[in-house]
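sequence? don't have it. structure:
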């Protein structure tokens, strides 16, 4: 049995880490490691970067083909897709967010890790509403790229 | 106790209406059921147990348990969780020795309806069965106990898994609206007769090649009897939530997780302030997340099994909101005088036995049980179809073939009442049953469509999470063929 089946937390070893070049371009990280019968991410991808042998397979991202368009982030029923991008000492994470109040562009937010622990501050760079899921891009510290997976709007 | 803002749902609390509860005037919304309007005012005790006079509150939220029976306009035993709120009604807690009802009961059926297809239950399976059958040109009578169509879809604010065929990526509430529209369109052209607030109460001896059912239709809390003669029927009655044994499990504030979902996502009423969730299957995980979206605190999720039963993606989105999940943990007891005031959770060892000294007190006013479902099959028993216990299907279910037909010709099943699964597969089973009924009635040209749906269903069940359903359906098919 894997640890994530006991505590619900995904170890980073399950994620294929993109190369520096791919990170600078921006790529989708799919944190979906179980064979669930589900494939809207494949259908949503305009470049065919996400592939699956059949509907019960695990999605695989071709980081070279991925254009970081974030279409899959808003469609994934498991809210399990994050688009990450690096620039100098900054990281940009695009994540699905389904809580109120709505994050506001330019505002500071708290950023949280996979256990909901606040690890620092971030700045909201972009908010797109997709079927009532906010697809939010936040700017965080570079070392938070693979750590931050949620945000909290400062009240 | 009303939810003010919600990220996914716009609550259309249309018209404010007033009614009396125990002779006190209070208000609710036109969209409420009686129990939700009371709940919004903090009224959690709806009735008392007959033997020990213990308080009983909202539990199942779908008219299947008896925890919300009240006296409405002089009529006793009204299931207030599925009875619509109306202006000026008189709601009372019923005493042990309540007066005889003052309502009139008609001796004879008020009307007789003759149809090709009777569909019992307007959830995902029943709606799809009705649509498929009606599209082929047969006449359909669709009956449901609730105030609106949609079954459990109307509270499923999360996006569905699956493929484009099952509307993957679309929220359950949106799928429900889409299906409702299709039903309404078919209703307009006279293909479907939709009867809400109505219960199929029994099966009677019919004419040759016809099945006779009695339906009770409720209107303004009065009941009318209707006779239905049909060539074929499908039972898509869904399921009800399982109870768990522990001291205090009958206190108001202990809810089925699904009923909490109904309260908050359909009626916009908060079940409480702080929740302890029991069960980390998909229902427990999803409802916990939706409680957070409604602005309600979830203290933790406890799961007796040593692993999380639901999808990791559901667990992950809960964890990153800061909600801990304790596997190998269970509930020991619930405290409270008239309502839940707290609970004790306990660690379990490898053999699922409680470890003494590992008790932990959890301050909460709400305990949600997400510990599985049992298929609703009582009518199928009465009809006399072949039933058997299949643990992977969630209990006793009707034996059926690939075309969803039971051991009695013309009687079909679909959805959770044919074996516990989930809404996407329920919809396809409904489609198969709908097509199969058309075939049964002599519509030959739909054989290809039937095969297509059967293939789709098979695909959805192919993965590791479909194993239970695969085993269940295999057993059911084998038992069906055995004679």
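Here it is on my side, so go on. Keep in mind that this is a model prediction, so the values were computed, not measured.

hey, let's count contacts and neighbours off CA atoms from now on
Fine.

Quick check: beta-bridge partners of residue B:84?
Judged by DSSP bridges, the bridge partners of residue B:84 are residue B:33.

right, I mislabeled it, should have said residue B:159
Beta-bridge pairing for residue B:159 (DSSP bridges): residue B:171.

What is the neighbour count of it?
Residue B:159 has 22 neighbouring residues, counting by other C-alpha atoms under 10 Å in any protein chain shown.

what are the ranges of the helices in the chain?
Because you didn't say which chain, this covers chain A. Assigned by DSSP state H, chain A shows helices spanning A:4-7, A:20-25, A:40-44, A:71-75.

hmm, I had chain B in mind actually
B:34-40, B:124-135, B:172-188, B:257-265, B:282-293, B:312-319, B:378-383, B:423-440, B:447-460, B:467-481.

can I get those in a markdown table with mean neighbour count, distance to residue B:226 and mean pLDDT?
Below are those laid out as a markdown table (neighbours: other C-alpha atoms under 10 Å in any protein chain shown; distance: least, C-alpha to C-alpha, whole Å; pLDDT from 0 to 100):
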| stretch | mean neighbour count | distance to residue B:226 | mean pLDDT |
| --- | --- | --- | --- |
| helix B:34-40 | 26 | 25 | 97 |
| helix B:124-135 | 29 | 20 | 98 |
| helix B:172-188 | 17 | 19 | 97 |
| helix B:257-265 | 26 | 29 | 96 |
| helix B:282-293 | 24 | 36 | 98 |
| helix B:312-319 | 26 | 44 | 98 |
| helix B:378-383 | 16 | 17 | 96 |
| helix B:423-440 | 27 | 23 | 97 |
| helix B:447-460 | 16 | 32 | 96 |
| helix B:467-481 | 18 | 32 | 96 |
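
For residue A:145, find the nearest of these.
helix B:312-319 (17.3 Å; C-alpha to C-alpha).

Parallel or antiparallel, list what pairs with the lowest-mean-pLDDT helix or strand in chain B.
None of the helices or strands of chain B scores lower by mean pLDDT, DSSP states H and E than strand B:75-79, at a mean of 90. Sheet pairing of strand B:75-79 (DSSP bridges) gives strand B:69-72 (antiparallel).

From the chain's centroid, how far away is the partner strand?
21 Å (C-alpha atoms, centre = their mean, to the nearest Å).

quick one: contacts of it?
The contact list for strand B:69-72 (C-alpha atoms under 8 Å, 6 or more residues apart in numbering or on different chains) reads B:46-47, B:76-80, B:89-94, B:221.

What of stretch A:53-67?
So stretch A:53-67 is contacted by A:18, A:22, A:25-30, A:32-39, A:42, A:47-52, B:162-163, B:459-460, B:462-463 (C-alpha under 8 Å, 6+ apart).

Repeat the analysis, applying 7 Å as the threshold.
Under the criterion C-alpha atoms under 7 Å, 6 or more residues apart in numbering or on different chains, residues A:18, A:22, A:26-28, A:32-39, A:47, A:49-52, B:462-463 lie in contact with stretch A:53-67.

Buried ones from those residues, can you make that a PyMOL selection?
The following PyMOL line selects those of those that are buried, judged by 16 or more other C-alpha atoms under 10 Å in any protein chain shown:
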select buried, (chain A and resi 18+22+26+27+28+32+33+34+35+36+37+38+39+49+50+51) or (chain B and resi 462+463)
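
Quick check: which of the helices of chain A is nearest to chain B?
The closest of the helices of chain A to chain B is helix A:4-7. By C-alpha to the nearest C-alpha, the value is 4.6 Å.

Which neighbouring elements make contact with that closest one?
If contacts are counted by 3 or more C-alpha pairs under 7 Å, 6 or more residues apart in numbering or on different chains; DSSP states H and E, helix A:4-7 sits against no helix or strand.

Give me the residues contacting that helix.
So helix A:4-7 is contacted by A:10, B:306-308, B:312, B:325, B:327 (C-alpha under 7 Å, 6+ apart).

let's see 8 Å
Contact partners of helix A:4-7, identified using C-alpha under 8 Å, 6+ apart, comprise A:10-11, B:306-309, B:312, B:324-327.

Just the buried ones out of the residues you listed, please.
Applying 16+ other C-alpha under 10 Å to the contacts of helix A:4-7 flags A:10, B:306-309, B:312, B:324-327 as buried.

now those as JSON lines including distance to residue B:182?
Conversion of these to JSON lines gives the following (distance: C-alpha to C-alpha, whole Å):
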{"residue": "A:10", "distance to residue B:182": "41"}
{"residue": "B:306", "distance to residue B:182": "44"}
{"residue": "B:307", "distance to residue B:182": "41"}
{"residue": "B:308", "distance to residue B:182": "37"}
{"residue": "B:309", "distance to residue B:182": "35"}
{"residue": "B:312", "distance to residue B:182": "34"}
{"residue": "B:324", "distance to residue B:182": "41"}
{"residue": "B:325", "distance to residue B:182": "40"}
{"residue": "B:326", "distance to residue B:182": "43"}
{"residue": "B:327", "distance to residue B:182": "43"}
